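*Asks:* here is a sequence together with a model predicted from it:
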Amino acid sequence: MAGQAAQKLLQAVRIAPEIFQLRPDYRALLLVVEGIPPGPSDDSTEALLQQAETTAKDLLSKHPVTEIPHIAAWREAYKAFGAKPQKTRNSLEALTRRVEGGLPRVNRLTDIYNAISVKHQIPLGGEDLDQYDGSPYLIRATGQEQFHTSSGGEPLVENAAPGEPVWCDGSGVTCRRWNWRQCPRTALTDQTTRVFFVLDALEPLSDDALTVAADELASLLKNLSPEVQTAQRLVTASTQSDQA
């Protein structure tokens with residue numbers, strides 16, 4: 001079941017042409033992982049996080065965080081749709097800035113994907129597929145799309161800003177500003193077993209580097225249990241237009 005359903009979901013994912021008009025170099029490597037055994041942080045995830053911290057600290061010793069190549073590319077992309085990158089940081093930059101004080105230790109699944117994001121310097125988001133409604137799609141917002149979040153522990157509904165890239169499902173916006181903030185509804189929890197991952201790339205990051213990161217993430221999750229199954233798809237301007 002996992003294989004067919006995962007492939008069907010991946011083939012149904014759509015990225016709107018205006019996303020590629022904004023950044024023709026944008027690529028999304030989509031990864032569906034099912035059968036993940038939930039668990040707390042452990043020695044293996046601690047080692048992964050420490051390795052990621054070491055890699056990032058080495059980068060930070062050579063460049064200011066804003067000049068690390070892929071982070072710099074994402075800052076430019078944010079400016080292009082009207083976000084202020086010093087105020088609204090993409091997920092990769094936000095995590096990399098936490099390296100000096102130590103990356104968060106959350107649970108086994110979250111620790112693994114945070115470590116891959118920082119180690120490979122790729123923004124990486126994860127959505128709980130059991131909380132998902134229909135097929136994922138990435139568009140530029142009109143300003144009418146609702147984003148359900150929370151503030152001070154209270155539910156809050158915001159509208160996406162006109163022009164910002166938003167990932168959506170049938171129930172609304174799941175992630176704002178490409179890879180900035182996820183809605184609580186589809187966030188990964190200690191009970192999550194099925195995940196839709198998005199690995200985001202801009203130049204100068206290569207397709208090969210993107211695939212290496214996704215393959216390492218899939219391999220680490222497969223090592224948790226023989227029940228784990230994965231499927232992936234790379235979406236680019238050319239592959240999306242082929243299927244439009």
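*Replies:* On my side now, so go ahead.
*Asks:* show the end-to-end separation of stretch 131-138, please.
*Replies:* This stretch, stretch 131-138, spans 18 Å end to end (C-alpha to C-alpha, to the nearest Å).
*Asks:* what's the average pLDDT for it?
*Replies:* Averaged across stretch 131-138, pLDDT comes to 96.
*Asks:* again, but for stretch 221-240
*Replies:* 95.
*Asks:* now it: buried residues?
*Replies:* 221-222, 224, 228-237, 240 (16 or more other C-beta atoms under 10 Å). Every residue, glycine included, has its C-beta placed from N, CA and C.
*Asks:* got the contact list for it?
*Replies:* With contact meaning C-beta atoms under 8 Å, 6 or more residues apart in numbering, stretch 221-240 is reached by 2-3, 6-7, 10-11, 13-15, 17, 20, 24, 26-37, 39, 108-109, 112, 207, 210-211, 214, 218.
*Asks:* mind exporting that stretch as PDB, just the C-alpha atoms?
*Replies:* C-alpha atoms of stretch 221-240 as PDB (Å, rounded to 0.1, in the frame of the first residue of the first chain):
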ATOM      1  CA  LEU A 221      15.000   6.500   8.500                       C
ATOM      2  CA  LYS A 222      15.100   3.100   6.900                       C
ATOM      3  CA  ASN A 223      17.700   2.000   9.500                       C
ATOM      4  CA  LEU A 224      15.000   2.600  12.200                       C
ATOM      5  CA  SER A 225      12.900  -0.300  11.100                       C
ATOM      6  CA  PRO A 226      12.500  -2.800   8.200                       C
ATOM      7  CA  GLU A 227       8.900  -1.500   7.900                       C
ATOM      8  CA  VAL A 228      10.000   1.900   6.700                       C
ATOM      9  CA  GLN A 229       9.300   2.600   3.000                       C
ATOM     10  CA  THR A 230      10.300   5.600   1.000                       C
ATOM     11  CA  ALA A 231       9.600   7.200  -2.400                       C
ATOM     12  CA  GLN A 232      10.900  10.400  -3.900                       C
ATOM     13  CA  ARG A 233      10.400  12.800  -6.800                       C
ATOM     14  CA  LEU A 234      12.500  15.700  -8.000                       C
ATOM     15  CA  VAL A 235      10.400  18.600  -9.400                       C
ATOM     16  CA  THR A 236      12.000  21.300 -11.500                       C
ATOM     17  CA  ALA A 237      10.700  23.900 -13.900                       C
ATOM     18  CA  SER A 238      11.100  21.500 -16.800                       C
ATOM     19  CA  THR A 239       9.600  18.400 -15.200                       C
ATOM     20  CA  GLN A 240       6.700  20.400 -13.900                       C
END
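*Asks:* of the contacts of stretch 221-240, keep whichever come out buried.
*Replies:* 2, 6, 10, 13-15, 20, 26-36, 108-109, 112, 210, 214, 218.
*Asks:* check the gap between the residue nearest to residue 209 when sequence neighbours are not counted and residue 62 for me.
*Replies:* In space, and not counting its chain neighbours, residue 209 is closest to residue 120: 6.8 Å by C-beta to C-beta, 6 or more residues apart in numbering. Distance, residue 120 to residue 62, by C-beta to C-beta, to the nearest Å: 17 Å.
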